[in-house]
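[1] need a structure here:
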Amino acid sequence: MRVLRFIARDKKSIIALSLINIITVIFLCSIFSKVYVESIPFGIVDMDNSSLSRTIIQQLKNSPGLNVNYYADSDAKLEQAIKEKRVSGGIVIPKDFNKDAIKMKSPSLALLIDETNMVVGNNIYAYGSAAIGTVNAGFQLKVFQGKNMLPDIAKKTITSFSYGERILYEPQLSYMRYLMYILVPYLIQGTFLMTFLVPMLIKNRKQLNILNIRSKESLRNMLVIFARILMIIAVTIISSFIALCILGKYFNLPLRGNVLEYFALMFIFLIDITAMGFLFAAFIDKMIYFIQFFSMINLITFLTSGVPFPEYMMPEGLSRIIKSLWPFMNVALQFKCLNLKGIGWDIILPSLKYGLLFALAWFPIGIGLYFSRIALDKYRNKRLINAEDKEPSLASEGA
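    Okay, here's the model as predicted:
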């Protein structure tokens, strides 16, 4: 019964954290469930109107990634269509393109790409290059054969060497697998701090103001707090793991890592977040201020995690500063590599070490400031009570 009463105290936080961790990632994964970016609006400017230009256009039409739905008679009009978002890219085939190609003058095509969306732009480049490269190889074969070159020799002439392409771990280059692994710990740190830890610590700090910090009741209070924190950490890890299993089952999100590695990585990450929660609760009285502040820094932690922009490209020493101020960089990329690559303990251990060092450094600071704030509030309350006691005595003396 005591266990049930203990759990019931935080039932709202347990339900909220479980539902948010599961429902949010499922919702986001359903948005990004389309693995390939297809049917991208694409424009054509054909100034040559030759058999070769028509072959190129047909090859582009046959590409599943492109939707050729716009034709213009000048590159200026195509650029305007891209600017107005009617198409995301296009190709300009110049006049006399076929004649110059037959004469081996190496004429050029212009492939215009709107890179305001990097994923769409990169896919246009890939689809367009594949279509044009196919036509180019076939055309060169015909030109050499037209000059009485044997087919085998012509083929060897245009392919003096060959290469094979193998994209490891994520050959589909999808939004879902690029984002979902980093979004899981990103959502966890926000929900854990905002729905449970900081509100609970602020409320408890006010309760401790009326207790003697050295009393048994105060010690019992702190033991209950740490027990509640460990319980919510366990709930958060389990619910996030269930969410990942659902994504793996119904959205084919690769989950190649070891379960123990996952639990170790998430546990130390949440311990680090707990240390920061004590720090926030020492200074903040109203949750609205914390939500505003954390919403701002949360985006910064995402952008500096090493996933959107690689750590080795950052200014020298910056990543070390980031890791010492916030633990998200210690888990984001490692969490992605764990699930996408199935990396082992030898890769995870350095991040776990950084996480433990972070906790050892920030826990004393956070708890020290938290209890210092309680002591300061007690001192202020005591002075206020003394001042109120003096006012009646002064009034009686005046009478």
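[2] For the chain, give the helix that spans the most residues.
    The residue-count maximum for a helix in the chain (DSSP state H) belongs to helix 345-398.
[3] Quick one: list the elements packing against that one.
    When contacts are defined as 3 or more CB pairs under 8 Å, 6 or more residues apart in numbering; DSSP states H and E, helix 345-398 sits against helix 198-208, helix 259-283, helix 318-325, helix 332-341. No exception for glycine: its C-beta is placed from N, CA and C like everyone else's.
[4] Quick check: which of those helices is nearest to S39?
    For the helices and strands packed on helix 345-398, the distance to S39 is smallest for helix 332-341, at 26.8 Å, taking CB to CB.
[5] Report the angle between the closest one and helix 345-398.
    If you take axes from the mean of the first three to the mean of the last three CA atoms, to 10 degrees, helix 332-341 sits at 140 degrees to helix 345-398.
[6] Can you give me the buried ones in helix 332-341?
    Using 16 or more other CB atoms under 10 Å as the test for burial, helix 332-341 gives 332-340.
[7] need the helices for the stretch 101-250 of the chain, in chain order.
    118-146, 151-158, 175-192, 198-208, 216-250 (DSSP state H, counting those that start in this stretch).
[8] For A264, the count of nearby residues, please.
    Using other CB atoms under 10 Å, A264 has 18 neighbouring residues.
[9] so how far is R228 from it?
    Per CB to CB, to the nearest Å, A264 is found 22 Å from R228.
[10] ok so, going back, angle of the longest helix of the chain against helix 216-250?
    140 degrees.
[11] starting at the chain centroid, how far to helix 345-398?
    On the basis of CA atoms, centre = their mean, to the nearest Å, helix 345-398 sits 34 Å off its chain's mean C-alpha point.
[12] same check, this time on stretch 310-326
    Put simply, stretch 310-326 sits 17 Å off its chain's centre (CA atoms, centre = their mean).
[13] pLDDT weak spots in the stretch 201-350 of the chain?
    Across the stretch 201-350 of the chain, the ranges flagged by pLDDT under 70 are 211-214.
[14] got the contact list for N330?
    Applying CB atoms under 8 Å, 6 or more residues apart in numbering to N330 gives the contacts 269, 272, 323, 351, 354-355, 358.
[15] And the furthest pair within these?
    The widest separation within those (CB to CB) is 12.2 Å, between F269 and K323.
[16] which one of those two has more residues nearby?
    Each of F269 and K323 has its neighbours counted (other CB under 10 Å); F269 has more, 29 against 20.
[17] Can you verify my assumption that the more buried one contacts Y354?
    No. The criterion here is CB atoms under 8 Å, and F269 misses it with Y354 at 10.6 Å.
[18] hey, what's the residue nearest to L66 when sequence neighbours are not counted bridged with?
    Distances taken as CB to CB, 6 or more residues apart in numbering place F42 nearest to L66, at 4.4 Å, with adjacent residues excluded. Beta-bridge pairing for F42 (DSSP bridges): V68, G89.
[19] Surely F42 touches R86?
    No. Using CB under 8 Å, F42 makes no contact with R86, being 10.5 Å away.
[20] between these two, what contacts are shared?
    In contact with both F42 and R86: Y70, using CB under 8 Å, 6+ apart.
[21] Tell me which of those two has more neighbours.
    Legend: neighbour count by other CB under 10 Å for F42 and R86, higher for F42 (24 against 14).
[22] Show me whatever sits in contact with both of F269 and Y354.
    With CB under 8 Å, 6+ apart as the test, F269 and Y354 both reach 327, 330.
[23] ranking the helices and strands packed on helix 345-398 by burial, who's on top?
    Each of the helices and strands packed on helix 345-398 was scored by mean neighbour count; the highest is helix 332-341, a mean of 22, by mean count of other CB atoms under 10 Å.
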